[in-house]
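J.: I'd like to go over a predicted model; first the sequence, then the structure.
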Amino acid sequence: MDRPCAPDPRADGAAHGQGDAGGDPPWGGAGSGVLGIFTGSAVAARAKGCPMSPATPTVLADLDAQLEGSVLLPGAPGWDDARAAWNLAVDQQPRAIARPRSVRDLRHIIVAAREAGAGVTVQPRGHGAGTDLTDTILVRTTAFDEVSVNVLARFARVGAGVPWGTLLARLDGTGLVALAGSNPDVSVAGYLLSGGHSWFSRWKGLAAHSIRAVELVDARGVLRRVTRESDPDLLWALRGGGGLFGVVTTLEIDLFPAPDLFGGKILFPAESAEVVFGAALDVLLDAPPELSLFLGMINLPDTPAVPELLRGRSFTQVDAVFVGTEADGQALLAPLRTIAPVIADLSHAFSIGQLGDVSAEPQEPSATLDWAMAVTELEPATIAELIEAFRTGSYAGLTLLQIRPLGGLLVDAAVGADGAAGHLDAAFVLFAAAILPPGAPVPVGAERHLLFQPLADTLQAVGTPRTVPSLLAAEQDLSLAFAPDTLQRLGQVKKAVDPENLFRSNRPLPAAYLLS
């Protein structure tokens with residue numbers, strides 16, 4: 001049966017392509033706020049007279065007929081929606097888009113990519129997209145939707161296309177948690193392979209270290225099961241090294257006992273930021289690692305999507321997650337409620353399936369520019385300067401400032417040795433974002449400089465050279481997340497499993513390490 005030129009209505013996520021290789025903080029899964037693909041057939045397109053790119057190689061045009069899934073080529077109806085990232089500020093221009101439905105499909109895609117001289121990059125749900133897909137086949141793995149939970153053995157099997165919200169809902173009532181981030185729309189696989197700074201990272205370390213097994217199709221088309229026993233070097237690399245080594249189909253991840261969870265968002269006046277941040281950091285000095293706080297300032301847009309009480313206003317906010325009872329959580333947060341007027345207190349006991357409500361991030365795509373930096377310390381004077389720098393950037397369109405205090409297992413080198421994501425030699429990670437109005441041009445040059453440079457200047461003396469890989473911006477590579485020795489080891493693993501560099505990660509390994 002011939003397929004129509006128009007996108008197939010069965011395909012989920014058609015509006016924005018839903019891919020993922022990490023996170024688009026804050027609105028795509030790593031930060032905090034208040035708030036498809038196709039079945040266009042290359043073969044059928046020729047038969048029906050649908051528009052085709054004259055430069056399309058025959059090997060890619062014929063690939064669709066070989067798949068259980070489908071392929072879309074430039075010029076076909078639905079192309080622009082299909083290629084879109086979750087972050088609409090990223091303009092992806094791949095050579096083709098494939099939606100496989102089986103391992104057999106993946107093998108055909110890998111063979112076709114090699115014959116066409118193209119690379120392969122994977123974005124399950126559109127998050128974490130990179131800026132350069134030249135000569136690359138973009139693979140959407142949303143059809144790999146397996147989810148199973150072994151409560152007794154405390155692990156889950158999760159397909160590459162499964163979003164966090166689906167897995168967390170399955171964990172409700174089990175007394176177990178997975179090391180999830182803040183946005184339930186982000187894929188489990190993309191988030192974990194990119195390091196994953198979780199709500200539970202102070203307690204259990206970066207989420208990548210919870211990967212116990214990976215099933216992937218390698219550059220030879222072989223389906224491999226990677227474990228500590230079968231290939232310790234490759235498992236190490238997959239724990240934070242992203243999509244450099246193959247097309248992941250399934251992960252097995254550790255789950256952790258957590259019968260009680262408490263937390264939520266607390267909003268304060270914008271002018272209270274300095275005292276609120278100071279009080280929150282004092283709370284963490286004596287708090288157990290089971291408590292995580294994200295401190296922030298936010299400028300909410302004047303749009304119907306924002307509750308009327310909050311619309312068009314600016315706030316200081318503290319998002320909290322505590323692994324423990326409501327009574328203990330309330331006691332830990334009590335100092336915050338007396339330090340400044342509370343506009344809204346949404347903290348409460350919740351189940352793991354409700355984790356996404358804590359940050360309440362938008363789950364619809366938007367155009368976002370973001371910036372992150374890890375720092376060694378934040379003295380009161382620096383915090384005051386940082387707040388002022390955010391207010392300066394707000395005039396240029398800055399939307400969010402977030403401070404994530406680290407500590408606990410996040411800075412434990414012994415834990416970090418288990419994966420490329422490692423540990424963090426920092427006390428805080430700072431994140432900032434600008435949400436662009438619909439249809440607005442993406443700032444470049446001096447305009448972009450005005451957004452983030454005041455923050456960077458303020459932190460220059462206390463900044464560290466690296467940040468969490470899942471917080472890298474679209475145009476950045478892994479050199480800003482990993483030390484040279486880690487990059488060298490990633491390059492060695494890459495050379496062993498993919499010497500032709502068939503697989504292109506959304507956050508690439510610098511060329512010098514590919515050639516070493």
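T.: Looks like it arrived, so ask away. Numbering: from 1, shown residues only.

J.: any idea of the mean pLDDT in stretch 504-511?
T.: Computed over stretch 504-511, the mean pLDDT rounds to 90.

J.: what's the helix or strand in which Arg391 is found packed up against?
T.: Taking DSSP states H and E as the definition, Arg391 sits inside helix 380-394. Taking 3 or more Cβ pairs under 8 Å, 6 or more residues apart in numbering; DSSP states H and E as contact, the helices and strands that helix 380-394 lies on are helix 273-286, strand 291-299, strand 400-405, strand 428-436, helix 446-458. (Glycine included, C-beta is placed from N, CA and C.)

J.: now it: buried residues?
T.: Along helix 380-394, these residues count as buried under the neighbour rule (16 or more other Cβ atoms under 10 Å): 383, 385-387, 389-394.

J.: same deal with stretch 450-467?
T.: Across stretch 450-467, burial judged by 16+ other Cβ under 10 Å covers 450-455, 458-459, 462-464, 466-467.

J.: what sits against the closest residue to Thr136 other than its chain neighbours?
T.: With sequence-adjacent residues excluded and distances taken as Cβ to Cβ, 6 or more residues apart in numbering, Thr136 is closest to Gly119, at 4.5 Å. For Gly119, the contact set (Cβ atoms under 8 Å, 6 or more residues apart in numbering) comprises 113, 135-137, 501-504.

J.: so which elements touch the one helix or strand Ala367 maps to?
T.: Using DSSP H and E, Ala367 sits within strand 367-375. In terms of contacts (3+ Cβ pairs under 8 Å, 6+ apart), strand 367-375 is packed against strand 428-436, helix 446-458.

J.: what about 6 Å?
T.: strand 428-436 (3 or more Cβ pairs under 6 Å, 6 or more residues apart in numbering; DSSP states H and E).

J.: touching the strand it packs on from outside, list them.
T.: 25-26, 31, 366-375, 378, 397-405, 451, 455, 468 (Cβ atoms under 6 Å, 6 or more residues apart in numbering).

J.: now those residues: which count as buried?
T.: Among the contacts of strand 428-436, those classed as buried by neighbour count (16+ other Cβ under 10 Å) are 25-26, 31, 366-375, 378, 397-405, 451, 455, 468.

J.: for Thr338, grab the count of nearby residues.
T.: Residues within reach of Thr338, counting by other Cβ atoms under 10 Å, total 8.

J.: tell me the SS of it?
T.: Following DSSP: H, G, I helix; E, B strand; the rest coil, the label given to Thr338 is helix.

J.: chain center to the helix holding Arg391, what's the gap?
T.: Taking the mean of its C-alpha atoms, helix 380-394 sits 26 Å from the chain's own mean (Cα atoms, centre = their mean, to the nearest Å).

J.: and for stretch 303-311?
T.: Its chain's C-alpha centre and that of stretch 303-311 lie 26 Å apart, by Cα atoms, centre = their mean.

J.: next one: stretch 126-137
T.: On the basis of Cα atoms, centre = their mean, stretch 126-137 is displaced by 14 Å from the centre of the chain it belongs to.

J.: how long is it end to end?
T.: Chord length of stretch 126-137, first to last residue, is 14 Å (Cα to Cα, to the nearest Å).

J.: quick one: mean pLDDT over it.
T.: 85.

J.: would you mark the buried spots in that stretch?
T.: For stretch 126-137, by 16+ other Cβ under 10 Å, it's 126-131, 133, 136-137.

J.: which two in those residues are spaced the farthest apart?
T.: His127 and Ile137 (18.7 Å; Cβ to Cβ).

J.: before we move on, the earlier item: tilt between the strand holding Ala367 and strand 400-405?
T.: Strand 367-375 and strand 400-405 are oriented at 30 degrees to each other (axes from the mean of the first three to the mean of the last three Cα atoms, to 10 degrees).

J.: residues making contact with strand 367-375?
T.: 25, 27, 87-89, 426, 428-436, 452, 459, 462-464, 467, 471, 473.

J.: of all the contacts of Gly119, which comes closest to Val188?
T.: Checking the contacts of Gly119 against Val188 by Cβ to Cβ gives Phe503 as the nearest, at 19.2 Å.

J.: is the closest one bridged to anything, and to what?
T.: Val120 (DSSP bridges).

J.: that one touches Val122, doesn't it?
T.: No: Phe503 lies out of contact with Val122 (Cβ atoms under 6 Å); the separation is 7.9 Å.

J.: can you check what pLDDT the model gives the residue nearest to Thr136?
T.: pLDDT, Gly119: 95.

J.: circling back: more neighbours: which of Phe503 and Val122?
T.: Regarding Phe503 and Val122, a neighbour count based on other Cβ under 10 Å identifies Val122 as having more, with 30 against 26.

J.: what sits against that one?
T.: Under the criterion of Cβ under 6 Å, 6+ apart, the contact partners of Val122 comprise 139, 243, 247.

J.: give me the subset of those that lies in strands.
T.: Filtering the contacts of Val122 for membership in strands, criterion DSSP state E, returns 139, 247.
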